[in-house]
Structures are given as C-alpha cells and as structure tokens.
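Visitor: kindly generate the corresponding structure for this input.
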Amino acid sequence: MTPILSLTATNSLYLILLVVSSLSQCIGVDPLTFGPFSRTTQVPLQTQSSTSNPETKLVRRTVFKDRVETIAIPSDTRIQFTTLVEDVDITAVTFMGITQHSPLSIALDNASPSYTSNNVGITIRFTSANNRRARWLLTNANNANVTVTYVVHYIGERDPVPGGCNHEFPLENDPNLHLLSFNNLITDLSYQPANKGAPLGYTYECDNPNAPRFGLVYELYVTHTLLGDRDAGHFHDCVSRLLGPAAGGDSQPVWSEGPGGKPRRLLTSSRGLGTLYRLVVKDPDYGTESVYAVGTTYSCDVTGDCSKYSHWTVQLLIVCLSVVGLFVSLLGHRFLQTTLFIFGLLSFALVSGVAIGTGVSLAVSVTVVIICALIGGILNLLLWWRFGIPVVSVLLGGLTAGYLLGAIVFFSPFYNLHPWRNEASYGLVFTCFCLLPNSLFIFRPRILNIISCAAIGCCLITLAVDAFLPTNIGYIVLLTLWRQTRPLIGQSPNDVVWVNPYQMYDIVLGAAWLVILCLSITLQCYRERRNDTFPVCPYRKRQLARLSADQSQPRVRARPANERTPLINQIT
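Guide: Numbering: from 1, shown residues only. Modelled structure (predicted):
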C-alpha cells in the first residue's frame, strides 16, 4: 500500500534536477549521478590465483592477538604475516585489513586463490594440535604505497566461524563483507554465513536444514567518518576504533537478524560519507561471538569528485528553488493563486515521476513529468478559480506537509523496526502521517494553509542550503521516493536498513529549519490577522462585479398601457 497520492513538493527537487540532467546531456555534459535513480556502480569480484611475481618484494611480519596496527605497504610488496597461537582452545584465526580505497590481495600462499578488495579478510583453521602457526600473504600490487589498518582475532572452539559456510567465493572460509554495488542512496552488501564453532579438526555441516549454523544471530554495527572529510588519517582513526576489542560495546546494532536470515542487505548511504560496517555473529547457546572483516564505502570514487551537485546549471536551479521556497514560506497565503499553482505543479510532477519509476528512458520521463506538472498546476488553479472552496483548496497543501512529516519520521532508526518491512504496514502508517495535518486543522483552513506554506517553503530553502553543505538533509525525501518506486520496477525495498547519521551540520540545519518554520508561521498569521480568511475566488468576483454593474444602470419607468398606447413605444 504505497501512498502515492499523498505527495510532497519537496520531492520535486529531484525531478527538476532530472530535467537539468537531460539538458546537460544535450550540451555535452555528463548527466547527474545522484538520487534514487542514479547510476549504480557494480563492484566486480576480484579473485585470481596467487602466482608469485619475480619483482615483488617479500616482507615477513609477526602479528599478535587483538593488536590494531596501521602500516604503509610499499608498492609491489608482499607481506607474509605470521601468528603463533599457544592456547590449545583456539581452533582458528581471522585476519582483516582495511585501506581507504586502494585494493590489496590476500591469500594463504602463492598457490591458493586470492581475494582482492580495499577491505580484505581471511579465516584460517588449524587442522591439528601440532601445527599452531598460521601464515598468509597480503600483496600490494599498486604503483604507490598503501596504508592499511589490520588486526587478528582468535576463534575458540565455541566461537562462531565467520564465513565458515562459504559456497560462493573462492576462499575456503570467507569472512569478508562484499560490496556488490552502490549509488548515492543505497549500498548492497552481502556476506557468507558463519558456521558454529567446533572442536579442533571437526566441522559442522552447512547444507543440512537442521545444521547448527541456523541458530546463529547476526548484528550489524555502523561507524561513520565526518561527512565530506576524506582525509586518510581520519579514516584510519575511525577504522582503528572499530577494530578494537571494545568496538560496539556501548552502541546498539542498526540491524539484527535471527536464524534463517538472508545473507544480503541493502543499506542507506550518503555520497562522500565514509561508512564502516562491522558484522558480529553470535552463538546464543554458548554466549560467544566473532567478527567479520570490516567493510567500508564512500558511495563515490574517493579519488575523484564526491560533491553532490558540481555542475553550474544544477547550482543555479537550486538557488532559484530557494527563492521559490522563500516566497512560499513568507507570502504563500497572501498570493494564494500563485501558491496553489506551485503546489499543483510540483505535486503532479512527483505523481507522474513515481508512477513512471525508472522503467523508461530519461527523455520520456522528463517529457511526461513536465506535461503532467503543467496540467496539475493548471487544474489546481482552475479548481480554486471556479469554485473557491477553501477546505478543498488547502487539502493538497495539507497532504504535502503530512508527507514531509512522514518522510522525516522514517528517516531515523524508526525506519528499521520490523513492522515496516511489510509494505502494507509501511504504507498505512505513512498515509496516517499524510492525513494528520488535514485531520487536525480541517476546520481552520487558513491556519492549515499557512502551516503548509511555511513547512514546504522552509524545506525548499533547507534543501538548497543542503546542496552546498556536507549534510544528509536532502536524503530525507530521496529515501522515501526510493521506497515508493522500487515495487513498481520489481525490486523489494523491505530489506533496506537505515544507517545515515545525524552529524553536526545536520543538527544545525535541522534546527535552522525549525526556527525559520516558526518565524514564517508567525509572520504570515500576523500579516493576515485583519484580512479575510480567504479571498473571493475570481469566478465569484466576476459574478459580483457583473451584478453590481447591472444594478448601477438607470431604470426606465414604463407608461401605463391603454387603447392609445402605440404598439412601438418611443423612449425619449
């Protein structure tokens, strides 16, 4: 049950930018790559046989349990890590190494398959009590030095083995979080199921429906860098804190999956925001846990341009949009007909954009959106021009403000609650938010219209400011738009987990939005306190003017008719 009809003018920001994108194509500029319909970057699986390169230098290094270290690996260098386990209860070790963007390759030895990524991990099981030394290779095949932060965790016989039931990737035990694809709004992550801990030399089955691994529980913790800060030192400091033994101890998981869950998850993302994922697998029977290799993404090319809107045409459009928002928030009720046209224009643009989805070409989408937007604006204006019913005219603005309220509420951990994975429950609750303003102020249409104008106008101003600051405010409406369009193109949005943070700029901009909203409502109420609740509609005003003109014309008295009255009276 998707509340398509209860739409917000703020979502039209994306649709207008979509028009600019098509115009940019015409003048030879790359189209925009943001929003829920932006190009999705597929991350290829990089695996190969670990053949030795004669020119690669070999360096040996010993690592110790739970010690987080950051080192710089020279170009064309291979490091052989070694750890000696003295505890007889340890049955496996897990190594994880994280770089900011440069890929590294990890393998057991030169003859084993390797895995290549900027986040690599490997789990090594001991086969006997006599061999307690684990070795693996980490290779930097880049032409530049690469800084990597790494740690080694020991796994006991009662601890879950991350990636121990791997059937898809080349490593025998794959503890990696695989970044399958990403765009500016959604990141697609997958992992291989863990296996239940077992004594040395023994392994539980994975394919049996009654296998012990189905009793394991998975929890996802998320840490972010500062939005817009791509400094390597800041990134590795965040990684070091996440790899430490106490990581996640004082925080709550953003997502938890019980037995039988799917090893794949869609997560919200933000362009230019460094996001670090830490997946913990727990065994409720023994009260033990193990950690997968940390996954990271910036949702863009870290070495390139990670800005939101870099082209001047988009920036100019955003400035014009802020002017429209300022007009609506301060003078929306006084210039009622203009406001009604704007609301109809933007709302019908969103209706058509959501209905079309992404199943057609960009040119067709833009054409349909423009035509429907103009039709909607004209129809909404004609409705007021002909009938002039205040209660009916303010409904669209009330629904718009309610839609915005629902989008704000769902852009929070509230979105991750289990009932909202059901599309009917999500649509029902969202529709209730859309109807809330109309339900509260339906008998005070002027107050409802002023609140709607202030809320939507201030939101347009805030979105314009968001375009030039490192904030996540703009994703509030984009996430809602994405959720509404996915079922139309055969994709399930129910597996999305909200992980976007509220950082300093978000809090400041949100507080500024509330202040401007209160000032706008106060100013419009003060200005309109002595005016009529609503002006007379143009059609009624024309009728009154015509009636007044008829009444102002001089009347001619008719003479009494008799037998001498001529058939044609001459009026002198």
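Visitor: looking at this structure, which strand is longest?
Guide: Longest strand of the chain, by residue count under DSSP state E: strand 146-156.
Visitor: tell me which helix or strand comes right after that strand.
Guide: Using DSSP states H and E, the helix or strand that follows strand 146-156 towards the C-terminus is strand 178-182.
Visitor: name the SS class of Ala407, please.
Guide: Classification of Ala407 using DSSP: H, G, I helix; E, B strand; the rest coil returns helix.
Visitor: give me the nearest residue to it, chain neighbours excluded.
Guide: Of all residues beyond its chain neighbours, the one nearest Ala407 is Thr480 (4.3 Å), with distances taken as C-beta to C-beta, 6 or more residues apart in numbering. Every C-beta, even on glycine, is put in place using the N, C-alpha and C of the backbone.
Visitor: and the one you found, what pLDDT?
Guide: Listed pLDDT for Thr480 reads 83.
Visitor: surely it and Leu405 touch.
Guide: No: using C-beta atoms under 8 Å, Thr480 is not in contact with Leu405; the gap is 11.1 Å.
Visitor: and stretch 70-88, end to end?
Guide: End-to-end span of stretch 70-88 (C-alpha to C-alpha, to the nearest Å): 29 Å.
Visitor: ditto for stretch 169-184
Guide: Termini of stretch 169-184 sit 27 Å apart (C-alpha to C-alpha).
Visitor: what does stretch 532-539 give?
Guide: Separation of the first and last residues of stretch 532-539 by C-alpha to C-alpha is 17 Å.
Visitor: report the buried residues of that stretch.
Guide: Within stretch 532-539, the residues scored as buried using 16 or more other C-beta atoms under 10 Å are 534-535, 537.
Visitor: repeat for stretch 60-80
Guide: For stretch 60-80, burial by neighbour count (16+ other C-beta under 10 Å) applies to 63, 68, 73, 77-79.
Visitor: what's the mean pLDDT across that stretch?
Guide: Mean predicted confidence for stretch 60-80 is 92.
Visitor: what's in contact with it?
Guide: Applying C-beta atoms under 8 Å, 6 or more residues apart in numbering, the contact partners of stretch 60-80 are 53, 55-59, 81-84, 95, 104, 135-154, 236, 240, 243-245.
Visitor: just the ones of the residues you listed in strands?
Guide: Among the contacts of stretch 60-80, the residues falling in strands (DSSP E) are 57-59, 81-84, 95, 104, 135-140, 146-154.
Visitor: returning to what we had before: OK, contacts around the residue nearest to Ala407?
Guide: Listed by C-beta under 8 Å, 6+ apart, the contact set of Thr480 reads 11, 403, 406-407, 410-411, 430.
Visitor: top of the residues you listed by neighbour count?
Guide: In terms of neighbour count, Tyr403 stands highest of the contacts of Thr480 at 29 neighbours, by other C-beta atoms under 10 Å.
Visitor: remind me which helix or strand that one belongs to.
Guide: Per DSSP H and E: helix 395-410 holds Tyr403.
Visitor: what comes up buried for that helix?
Guide: 395-408, 410.
Visitor: show me what it is packed against.
Guide: Applying 3 or more C-beta pairs under 8 Å, 6 or more residues apart in numbering; DSSP states H and E, one finds that helix 395-410 contacts helix 336-356, helix 423-441, helix 445-466, helix 475-485.
Visitor: out of those, flag the one nearest Pro209.
Guide: helix 423-441 (28.2 Å; C-beta to C-beta).
Visitor: name the helices or strands packed onto the closest one?
Guide: Applying 3+ C-beta pairs under 8 Å, 6+ apart, we find helix 423-441 packed against helix 395-410, helix 445-466.
Visitor: quick one: contacts for Asp229?
Guide: Taking C-beta under 8 Å, 6+ apart, we find Asp229 in contact with 274, 470.
Visitor: same question for the one 10 residues further on.
Guide: Taking C-beta under 8 Å, 6+ apart, we find Val239 in contact with 98, 149, 276, 294, 296.
Visitor: if we go to 10 Å?
Guide: Counting by C-beta atoms under 10 Å, 6 or more residues apart in numbering, Val239 makes contact with 68, 70, 96-100, 119, 148-151, 223, 225, 274, 276, 294, 296.
Visitor: check Ile450 too.
Guide: Ile450 makes contact with 329, 332-333, 394, 397, 441, 444, 520-525, 527-528 under the criterion C-beta under 10 Å, 6+ apart.
Visitor: hang on, the earlier thing: make JSON lines from the helices and strands packed on helix 395-410 and add distance to Leu185 to it.
Guide: Below are the helices and strands packed on helix 395-410 laid out as JSON lines (distance: least, C-beta to C-beta, whole Å):
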{"stretch": "helix 336-356", "distance to Leu185": "15"}
{"stretch": "helix 423-441", "distance to Leu185": "17"}
{"stretch": "helix 445-466", "distance to Leu185": "14"}
{"stretch": "helix 475-485", "distance to Leu185": "6"}
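Visitor: for Pro501, find the nearest of those.
Guide: From the helices and strands packed on helix 395-410, taking C-beta to C-beta, the stretch that ends up closest is helix 475-485, at 11.2 Å.
Visitor: can I get the CA coordinates of the closest one in PDB?
Guide: Taking Å, rounded to 0.1, in the frame of the first residue of the first chain, the C-alpha atoms of helix 475-485 are listed here in PDB:
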ATOM      1  CA  TYR A 475      18.300  12.300   1.600                       C
ATOM      2  CA  ILE A 476      15.100  12.600   3.800                       C
ATOM      3  CA  VAL A 477      12.900  12.900   0.800                       C
ATOM      4  CA  LEU A 478      15.000  10.800  -1.600                       C
ATOM      5  CA  LEU A 479      14.900   7.700   0.600                       C
ATOM      6  CA  THR A 480      11.100   8.000   0.800                       C
ATOM      7  CA  LEU A 481      10.900   8.400  -3.000                       C
ATOM      8  CA  TRP A 482      13.100   5.400  -3.500                       C
ATOM      9  CA  ARG A 483      10.900   3.300  -1.200                       C
ATOM     10  CA  GLN A 484       7.800   4.200  -3.200                       C
ATOM     11  CA  THR A 485       9.300   3.500  -6.600                       C
END
